[in-house]
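> Here is a sequence with its predicted model. Questions after.
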Amino acid sequence: MNTTPIKVSIVEDDSSIRETLRSLFIFEEGMEAFTIHSTAEDALMRLGETCPDVVIMDINLPGQSGIDCVRQMSQRCRSTQFLMYTVHDDDHRVFEALKAGANGYILKSSTPDQILDAVRELSTGGSPMSAHVARRVVTHIRPAKQELSNGSELLSARENEVLALLAEGLLYKEIGERLGITVGTIKQHIHRIYDKMHVQNRTEAVNRYFGR
């Protein structure tokens, strides 16, 4: 059984929060308060050669932001897990932090037990997130209802007719003869079909039509 403590570094400019977090990990069995930093610049200067297992990172730091710090540090400390610890749960900061390399995102309203659980989860490959943050992420990545369908309900009756004939493999001229309209009109309909269905060509449109 691996008894090596989880080495936790803290990057937080608020001294009272910093001390609370430090005390939390000092007295928690199986964890170690590895290094403590009040700025991103200090963390970047002191960490790198010996990287912690987990970094708890505030976002609003004096000078360089926590998001920028994660972006740089994640390139040096490949095995380190980064946990954003902040009062902010707006979409922009959440997704910027995740894109920068954060592995988890919890709010400062989290309880001590929730913070400890988040660190444990990170150290075993998880991605802990506060409930409100997780809901925002799910909402963001979940396709809209129209995207779950084949997109044909977005089209006019005539556009659906054109698309159905495209799916049968008919040429523009043949579609025009079938519907009694010119090839130029057919092209206009097809342009609108591609635009509404967010596709680039006949193959993509037909695949979308058949739900592929």
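Good, I have the coordinates. Nothing here was measured: the structure is a model prediction, and the numbers come from that model. Residues are numbered from 1 along each chain as shown.

> and after the helix or strand encompassing residue 94, which helix or strand comes next?
Taking DSSP states H and E as the definition, one finds residue 94 inside helix 91-100. Counting by DSSP H and E, the next helix or strand C-terminal to helix 91-100 is strand 104-107.

> Identify the residues contacting the helix or strand following that next one?
Sequence order places helix 112-123 as the next helix or strand after strand 104-107, per DSSP H and E. Applying Cβ atoms under 8 Å, 6 or more residues apart in numbering, the set of residues contacting helix 112-123 from outside is 6, 8, 21, 24-25, 28, 31, 53-54, 56, 81, 83, 85, 103-104, 106, 110, 127-128, 130. Glycine gets a C-beta too; all of them are placed from N, C-alpha and C.

> repeat for stretch 155-168
Outside of stretch 155-168, the residues that reach it under the criterion Cβ under 8 Å, 6+ apart are 152, 174-175, 178-179, 186, 189-190, 192-193, 196-197, 202, 205-206, 209-210.

> ok, 6 Å please
The contact list for stretch 155-168 (Cβ atoms under 6 Å, 6 or more residues apart in numbering) reads 152, 175, 189, 193, 196, 202, 206, 209.

> Which of those ranks first by neighbour count?
residue 193 (24 neighbours; other Cβ atoms under 10 Å).

> residue boundaries of the strands in the chain?
Under the criterion DSSP state E, the chain contains strands at 6-11, 31-37, 54-57, 81-86, 104-107.

> Can you tell me which of those strands is most buried?
Of all these, strand 54-57 carries the top mean neighbour count, a mean of 28, counting by mean count of other Cβ atoms under 10 Å.

> Can I get it as CSV, trimmed to CA atoms?
This file holds the C-alpha atoms of strand 54-57, laid out as CSV (Å, rounded to 0.1, in the frame of the first residue of the first chain):
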residue,chain,number,x,y,z
VAL,A,54,-1.8,18.9,-6.4
VAL,A,55,-1.9,22.7,-6.7
ILE,A,56,-4.8,24.6,-5.2
MET,A,57,-5.0,27.8,-7.3
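
> and it, what other elements does it pack with?
strand 6-11, strand 81-86 (3 or more Cβ pairs under 6 Å, 6 or more residues apart in numbering; DSSP states H and E).

> These into CSV, with extra columns for mean pLDDT and distance to residue 120?
Formatted as CSV, the helices and strands packed on strand 54-57 follow (pLDDT from 0 to 100; distance: least, Cβ to Cβ, whole Å):
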stretch, mean pLDDT, distance to residue 120
strand 6-11, 96, 7
strand 81-86, 94, 11
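
> I'd like the ones you listed written out as TSV, with distance to residue 92 added.
Formatted as TSV, these follow (distance: least, Cβ to Cβ, whole Å):
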stretch	distance to residue 92
strand 6-11	20
strand 81-86	12
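
> quick one: residue 97 and residue 67 touch, right?
Yes - taking Cβ atoms under 6 Å as the contact criterion, residue 97 and residue 67 are neighbours in contact, 5.2 Å apart.
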